[in-house]
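J.: Here's my sequence, what's the structure:
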Amino acid sequence: MARLETRIVTGVRAEKVSAREVSREFRALLAAGARIRCAGTGKRDPEALVARYMPKHKLRLFDTIFYLSHLRQDVNARFFIAFVLLHADSPVAPSRRQLFTRILYKDASLIWRSASHFARSDSENWIGKGDLKWIVEDGKKVRYTAEETTNLPLEIQTALDELTRTVPRPKRDEQAMSRVLRRAPDKRVAPYPDFTAARRKAAADRRNLIHGGKRVAWFARKNDPESLRFARGFEPDFAGGILEVDALGSRLYGGEIRKFRVLSVNRKIQYQIVAAPRQVWIVPPQTLTTELSSFGVRTIDVNADDDLFVPAFEYHFIDDSADPPQLYSQIPFGYAGAISEVDPARADASPWLERLSVLRDFRKAIGHSPPG
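T.: Here you go, the predicted model:
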């Protein structure tokens, strides 16, 4: 396998063409022999699937095209139905083109993701959040879901945010997940090979691994935010590396939000820092590689300590389904703040975030003072 190409791009937006033009182009692809690849129930009748979710927007990043339906929503999230066309610039016969159906949804942390699979039953209702990774917890090796593996490229996050504003009231659709995504048994957290195969192939060439696969950021002492460390050159460059700033609104986070896309000092990775009226937090970094999988996500990760990426409001509640009831929290122990007024299952993570040196440096760089 050849070493993956890297590229720094800015200003990625949906193409300024009408919904009718996008639909016409998409129909032409199908007429020329391009095939719909669907893992959900929609594979039984691709024509009906296309008729229901005919693309109205077109978004290109590198040589990947996302054909997107209008925004929709269900009980869990707002999302686009996407038909992902890989290698759009390659001289491939139209009859060999494949259009992969995917769900692109916005997480509560304000990051857009591509769902890997889903489960739904009387006792379970969750969206698959990507690959599994090994960590050491209490001296034991355990596998956990690496949610960042489903994060869509930072380059298109702004474009997706902007497209949500074109539909004031998204259409309700409780069947989209089952039509588009592969349904898993309740207890299967691991994704399927259609999600992992491209990742395994890319990682097999060690030249593609960031920092040799080692962590670029970690905590020298467990549960101590002041002990944050970065590998030399991999820290965000707030002085000269800010590429883009996007603005949007959020009820959960209390008003206008700004998202900053920032390069590392050594220009090998990129970060997204989110600034709300009261809080700031950091999104898991990404590579600058141009290869995307059929899920529209990068095939190579950046390894770093998860506790660096706690969002401003994170899950923190008493789980009454356990016997006896017990606290469930994704905030480092002892650092949970007030319960959210919008979502009582989440608490303010500011007590942890405000002690991270990287976020203090960010506040200073952009003149964003903490409240009080």
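J.: Please work out how many residues are found near Val180.
T.: For Val180, the tally of surrounding residues (other CB atoms under 10 Å) stands at 25. Quick note: C-beta positions are derived from backbone N, CA and C, even for glycine.
J.: tell me how far the ends of stretch 146-165 are from each other?
T.: 29 Å (CA to CA, to the nearest Å).
J.: Would you map the strands across the stretch 101-250 of the chain?
T.: Using DSSP state E, counting those that start in this stretch, the strands of the stretch 101-250 of the chain run over 112-114, 118-120, 125-127, 132-137, 140-145, 171-172, 217-219, 228-230, 242-250.
J.: angle of the helix or strand following the longest one against strand 242-250?
T.: Once strand 242-250 ends, the next helix or strand along the chain (criterion: DSSP states H and E) is strand 255-263. In terms of direction (axes from the mean of the first three to the mean of the last three CA atoms, to 10 degrees), strand 255-263 departs from strand 242-250 by 160 degrees.
J.: Just the residues contacting strand 255-263, thanks.
T.: Outside of strand 255-263, the residues within contact range by CB atoms under 8 Å, 6 or more residues apart in numbering are 8, 110, 154-155, 157-158, 161, 236-238, 241-250, 269-277, 362, 366.
J.: Same question for stretch 308-316.
T.: In contact with stretch 308-316 (CB under 8 Å, 6+ apart) are residues 108-110, 148, 217, 219, 228, 252-253, 274, 276, 278-284, 327-332, 336, 339-340, 343, 345-350, 352-353, 356, 358.
J.: Produce a PyMOL select command limited to the buried residues of those.
T.: Buried subset of the contacts of stretch 308-316, written as a PyMOL selection, criterion 16 or more other CB atoms under 10 Å:
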select buried, resi 108+109+110+148+217+219+228+252+253+274+276+279+280+281+282+283+284+329+331+332+336+340+346+347+348+349+350+352+353+356+358
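J.: picking up where we left off before, put the buried members of the contacts of strand 255-263 into a PyMOL selection.
T.: Selection of the buried residues among the contacts of strand 255-263 in PyMOL, burial being defined by 16+ other CB under 10 Å:
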select buried, resi 110+154+155+157+158+161+236+237+238+241+242+243+244+246+248+250+269+270+271+272+273+274+275+276+362
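J.: Which members of the contacts of stretch 308-316 occur in strands, if any?
T.: 217, 219, 228, 274, 280-284, 327-329, 346-348 (DSSP state E).
J.: Quick check: the gap between the closest residue to Phe238 other than its chain neighbours and Thr145.
T.: Once flanking residues are discounted, Phe238 sits nearest to Ala365: 3.7 Å by CB to CB, 6 or more residues apart in numbering. Distance, Ala365 to Thr145, by CB to CB, to the nearest Å: 32 Å.
J.: now Pro225
T.: Applying CB to CB to Pro225 and Thr145 gives a distance of 23 Å.
J.: repeat for Asp306
T.: Distance from Asp306 to Thr145, by CB to CB: 11 Å.
J.: Equivalent analysis for Pro370, please.
T.: Pro370 is 31 Å from Thr145, by CB to CB.
J.: same question, Arg182
T.: For Arg182 relative to Thr145 (CB to CB), the value is 16 Å.
J.: what about the helices in the protein?
T.: Applying DSSP state H to the chain gives helices spanning 19-31, 46-52, 157-164, 176-180, 193-203, 350-353, 357-366.
J.: what bridges to the spatially closest residue to Thr158 that is not a sequence neighbour?
T.: Here the nearest residue to Thr158 in space, its sequence neighbours aside, is Asp246; by CB to CB, 6+ apart that works out to 4.1 Å. Beta-bridge partners of Asp246, counted by DSSP bridges, are Lys259.
J.: Mark out where each domain of this structure begins and ends.
T.: Split into domains by automatic domain parsing, the chain comes to 19-197, 313-348.
J.: Give the bridge partners for the most centrally placed residue in the chain, please.
T.: The chain has Asn151 as the residue nearest its centroid, 1.9 Å off, counting by CA atoms, centre = their mean. With DSSP bridges applied, Asn151 shows beta-bridge pairing to Arg113.
J.: Please report how far the closest residue to Ser123 other than its chain neighbours lies from Ser227.
T.: Sequence neighbours aside, Asp186 is the residue nearest to Ser123 in space, at 6.5 Å (criterion: CB to CB, 6+ apart). Per CB to CB, Asp186 is found 38 Å from Ser227.
J.: give me phi/psi at Val297?
T.: Main-chain dihedrals, Val297, degrees, to the nearest 10: phi -110, psi 160.
J.: What about it, how many residues nearby?
T.: 26.
J.: Look at the closest residue to Ala77 other than its chain neighbours and say how many residues are nearby.
T.: Nearest-residue entry for Ala77: Tyr105, 4.3 Å, with adjacent residues in sequence omitted and distances by CB to CB, 6+ apart. Residues near Tyr105, counting by other CB under 10 Å, number 24.
J.: Sounds good, over and out.
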